[in-house]
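Engineer: Please work out how this folds:
(one chain, ligands or ions: 1)
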Amino acid sequence: MVKAEISEGTTPAPAPGARVLVVGGGYVGMYTALHLQRKLKAKGRKSRSGDKGGREHGRPGQHGAHDEAEIVVVSPDPYMTYQPFLPEAAAGNISPRHVVVPLRRVLPGCTVLIGEATAIDHARRTATLSTLGSEAEGAGTVELRYDELVLAPGSVSRTLPVPGLADHGIGFKSVEEAIGLRNHVIEQMDIASSTRDPAVRDAALTFVFVGGGYAGVEALAELEDMARYATRYYHNVKPEDMKWILVEATGRILPEVGEEMGRYTVRELRARNIDVRLDTRLDSCEDRVAVLSDGARFPTRTVVWTAGVKPHPVLAATDLPRDARGRLRCTARLGVEGVEHAWAAGDAAAVPDLTSDEPGKECAPNAQHAVRQAKVLAENILASLRGEPLQDYRHAYAGSVASLGLHKGVAHVYGRKLKGYPAWLMHRVYHLSRVPTFNRKARVLAEWTLSGLFKREIVSLGSLEHPRAEFKLAAGGERPKDRNDTDDT
Ligand SMILES: Cc1cc2nc3c(=O)[nH]c(=O)nc-3n(C[C@H](O)[C@H](O)[C@H](O)COP(=O)(O)OP(=O)(O)OC[C@H]3O[C@@H](n4cnc5c(N)ncnc54)[C@H](O)[C@@H]3O)c2cc1C
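Structural biologist: Coordinates of the predicted model:
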């Protein structure tokens with residue numbers, strides 16, 4: 001481990017004020033940095049215009065350095081993912097580039113480091129980071145000192161020890177997974193269309209989704225809709241040849257839209273011939289056979305695991321207090337409980353829900369809270385740096401909207417329940433208003449408009465995931481047995 005600043009090229013400028021380290025470039029990380037950047041920039045401008053001698057204090061707007069504080073954002077990816085658009089990206093309605101927001105573009109006033117925090121020693125105000133640079137140098141990790149910490153690594157898929165899941169399952173949390181799954185589904189249709197073996201065909205056309213929250217339901221509904229549409233271009237694959245199965249351990253799906261709308265969604269999916277199995281679990285998926293707790297067995301090449309999330313494991317590598325579920329214990333002011341200068345929000349944090357009458361209730365892990373918490377968090381950091389009073393986070397859950405495929409949806413927002421086309425339209429309008437930056441809004445709107453005018457995209461670009469495969473073969477390497485097994489990175 002190198003105990004120094006990051007390498008020359010990425011070294012944050014010497015801090016003129018406090019260094020705020022933001023771990024994570026998702027909803028909380030990006031929005032917190034964005035608010036801090038705006039507020040610090042505004043203050044920087046004000047202080048310079050009021051400075052009669054024309055003396056420069058710090059360099060607001062440049063690489064994370066401001067008069068009052070510098071902001072360093074550490075994120076494994078150079079972009080923030082707008083996760084609610086992943087199902088539409090999987091369906092091909094939005095291209096993958098427009099589902100993500102480039103951090104460097106929206107955060108010009110911050111230093112963005114591509115890498116991961118691997119441990120936090122808050123007592124020493126030190127984070128251990130593994131960056132692309134430190135890996136390339138062979139140094140392993142570097143240490144970075146900070147004054148204020150924002151810990152927002154979000155969550156990861158909550159898996160269970162189901163035999164075969166690690167080998168054959170895929171999650172649905174990242175743009176890579178969404179696009180990989182889209183390519184995979186179309187590829188399965190190509191396999192089914194070209195095989196003479198009925199068992200191979202049957203397994204290729206069977207798609208099992210585990211978990212009936214919005215990620216699972218939206219992903220399944222959008223992909224089924226896309227695949228149903230795509231069958232019109234196959235001479236020997238019809239919609240009724242495909243089996244789409246949703247496995248949910250409890251007695252309801254889509255709890256986010258309430259019980260009545262959840263029941264409607266079950267009816268709507270079943271009407272599309274989707275096999276919704278409530279009170280059922282996936283027991284195993286070894287040898288490409290999904291075995292369910294109700295005894296059903298489905299040979300399949302597709303198992304999508306969307307059965308909830310758990311806090312990011314990096315939280316265990318910190319000296320900060322966590323609750324029984326592994327989330328950081330936070331106050332309503334979004335500070336980590338019993339600790340100074342450490343802040344958290346979003347999926348990684350247990351934040352009291354002050355709007356609930358239920359004692360001990362905490363905010364659910366969703367984007368609605370994450371975005372609003374980020375704003376309060378940024379305000380509170382600034383207030384704390386300036387010795388001003390902090391504010392509590394308070395937001396009553398407004399409900400949810402979900403897309404169930406093109407022109408189909410379900411919504412329960414501010415007590416209003418909508419189904420079908422109006423709900424789908426509301427889903428689009430709502431998310432268009434929420435997706436960060438005008439640039440992304442314009443691009444997404446243009447794509448929706450174009451896809452309304454022309455036919456849907458049904459091409460699989462799975463080979464993009466293996467760019468060296470062709471060259472490797474030309475250079476005398478072996479042809480992979482299974483395209484999915486290609487190791488050509
Ligand atoms: C398919 C899908 C659909 C969804 N739809 C909705 C919806 O319609 N409405 C809604 O309210 N919510 C929705 N959500 C949930 C919502 O996206 C999350 O609640 C929200 O992203 C949480 O924000 P966050 O900042 O805590 O985590 P994230 O946005 O996940 O950000 C965490 C970031 O931290 C990074 N990170 C992880 N580990 C480290 C590390 N060690 N060091 C540095 N960085 C790290 C990650 O790469 C990531 O960029 C959906 C989620 C999914 C998966």
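
Engineer: Residue of this protein closest to the ligand, please.
Structural biologist: Gly26 (1.7 Å; Cβ to the nearest ligand atom). In short, each C-beta sits where N, CA and C put it, glycine included.

Engineer: So that residue sits against Met80, correct?
Structural biologist: Yes. Taking contacts as Cβ atoms under 8 Å, Gly26 lies within contact range of Met80: 5.8 Å.

Engineer: More neighbours: which of these two?
Structural biologist: A count of neighbours by other Cβ atoms under 10 Å puts Met80 above the other of Gly26 and Met80, at 27 against 24.

Engineer: Can you mark which positions in stretch 143-157 are buried?
Structural biologist: By 16 or more other Cβ atoms under 10 Å, the buried positions in stretch 143-157 come out as 143-144, 146-155, 157.

Engineer: Ala89 is in contact with Gln83, isn't it?
Structural biologist: No. In this structure Ala89 lies outside contact range of Gln83 using Cβ under 8 Å: 10.0 Å.

Engineer: Near the ligand, list only the ones from the buried residues of stretch 143-157.
Structural biologist: Filtering the buried residues of stretch 143-157 for neighbours of the ligand using Cβ under 6 Å from any ligand atom leaves 152-154.

Engineer: Any residues of the stretch 301-450 of the chain in contact with the ligand? List them.
Structural biologist: Counting by Cβ under 6 Å from any ligand atom, the stretch 301-450 of the chain sits next to the ligand at 312, 314, 346-348, 365-368, 370.

Engineer: and the residues you listed, which of them are in helices?
Structural biologist: Among those, the residues falling in helices (DSSP state H) are 367-368, 370.

Engineer: Show me the one in those that has more neighbours than the rest.
Structural biologist: That'd be Ala370 among those, by other Cβ under 10 Å, with 25 neighbours.

Engineer: For the stretch 201-350 of the chain, just list every one of the strands.
Structural biologist: 206-210, 243-247, 275-277, 282-284, 289-292, 297-299, 302-305, 309-311, 328-329, 342-344, 349-350 (DSSP state E, counting those that start in this stretch).

Engineer: residues of the helix or strand bottoming out on mean pLDDT in the chain that come out buried?
Structural biologist: Least confident helix or strand of the chain, by mean pLDDT, DSSP states H and E, is helix 469-474 with a mean of 78. Buried residues in helix 469-474, counted by 16+ other Cβ under 10 Å: 469, 472.

Engineer: Verify the contact between Leu385 and Ile71 for me.
Structural biologist: No. With contact defined as Cβ under 8 Å, Leu385 does not count as touching Ile71 (11.8 Å).

Engineer: Looking only at neighbour counts, state which of the two leads.
Structural biologist: Between Leu385 and Ile71, Ile71 has the larger neighbour count (other Cβ under 10 Å), namely 29 against 18.

Engineer: so the more buried one makes contact with Val22?
Structural biologist: Yes. The pair Ile71 and Val22 qualifies as a contact (Cβ under 8 Å) at a distance of 6.5 Å.

Engineer: Please identify every residue contacting each of the two.
Structural biologist: The contact sets of Ile71 and Val22 overlap at 33, 110 (Cβ atoms under 8 Å, 6 or more residues apart in numbering).

Engineer: mind showing which ranges of this protein have poor pLDDT?
Structural biologist: In the predicted model of the chain, residues 1-16, 42-67, 462-464, 479-489 satisfy pLDDT under 70.

Engineer: Would you mind finding the longest strand in it?
Structural biologist: strand 111-121 (DSSP state E).

Engineer: what helices or strands is the helix or strand following that one leaning on?
Structural biologist: Counting by DSSP states H and E, the next helix or strand C-terminal to strand 111-121 is strand 126-131. Secondary-structure packing of strand 126-131 (3 or more Cβ pairs under 8 Å, 6 or more residues apart in numbering; DSSP states H and E): strand 69-75, strand 111-121, strand 142-145.

Engineer: possible to save the ones you listed as TSV with distance to Gly405?
Structural biologist: Output for the helices and strands packed on strand 126-131, formatted as TSV (distance: least, Cβ to Cβ, whole Å):
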stretch	distance to Gly405
strand 69-75	32
strand 111-121	35
strand 142-145	45
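
Engineer: Among these, which comes closest to Ser400?
Structural biologist: Within the helices and strands packed on strand 126-131, the stretch nearest Ser400 is strand 69-75; the backing value is 26.4 Å (Cβ to Cβ).

Engineer: Output the closest one in PDB, but only the C-alpha positions, please.
Structural biologist: What follows is strand 69-75, C-alpha atoms only, in PDB (Å, rounded to 0.1, in the frame of the first residue of the first chain):
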ATOM      1  CA  ALA A  69     -13.700  22.700   0.700                       C
ATOM      2  CA  GLU A  70     -12.500  20.400  -2.000                       C
ATOM      3  CA  ILE A  71     -14.700  17.500  -3.100                       C
ATOM      4  CA  VAL A  72     -13.200  14.100  -4.100                       C
ATOM      5  CA  VAL A  73     -15.600  11.500  -5.600                       C
ATOM      6  CA  VAL A  74     -14.400   7.900  -5.700                       C
ATOM      7  CA  SER A  75     -16.500   5.600  -8.000                       C
END
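
Engineer: how much does it deviate in direction from strand 111-121?
Structural biologist: Inter-element angle recorded for strand 69-75 and strand 111-121: 80 degrees (by axes from the mean of the first three to the mean of the last three Cα atoms, to 10 degrees).

Engineer: does strand 69-75 come close to the ligand?
Structural biologist: Yes. Counting by Cβ under 6 Å from any ligand atom, the ligand has neighbours in strand 69-75: 74-75.

Engineer: coming back round to it: name the nearest residue to the residue of the chain closest to the ligand, ignoring sequence neighbours.
Structural biologist: Nearest residue to Gly26, sequence neighbours excluded (Cβ to Cβ, 6 or more residues apart in numbering): Gly154, at 4.9 Å.

Engineer: Can you mark which positions in stretch 234-242 are buried?
Structural biologist: Buried, per 16+ other Cβ under 10 Å, within stretch 234-242: 237, 241-242.

Engineer: sorry, back to before: which single one of the buried residues of stretch 143-157 is nearest to Gly399?
Structural biologist: Ser155 (21.2 Å).

Engineer: From Gly180, how far out is the residue lying closest to Pro436 once chain neighbours are set aside?
Structural biologist: Leaving out its chain neighbours, the residue that sits closest to Pro436 by Cβ to Cβ, 6+ apart is Val101, at 4.9 Å. Using Cβ to Cβ, to the nearest Å, we find Val101 at a distance of 20 Å from Gly180.

Engineer: Just put the strands of the stretch 201-350 of the chain in TSV and tack on mean neighbour count and distance to Ser400.
Structural biologist: As requested, those are exported to TSV (neighbours: other Cβ atoms under 10 Å; distance: least, Cβ to Cβ, whole Å):
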stretch	mean neighbour count	distance to Ser400
strand 206-210	26	18
strand 243-247	23	18
strand 275-277	19	19
strand 282-284	20	25
strand 289-292	20	27
strand 297-299	16	29
strand 302-305	25	20
strand 309-311	20	16
strand 328-329	23	25
strand 342-344	27	23
strand 349-350	24	20
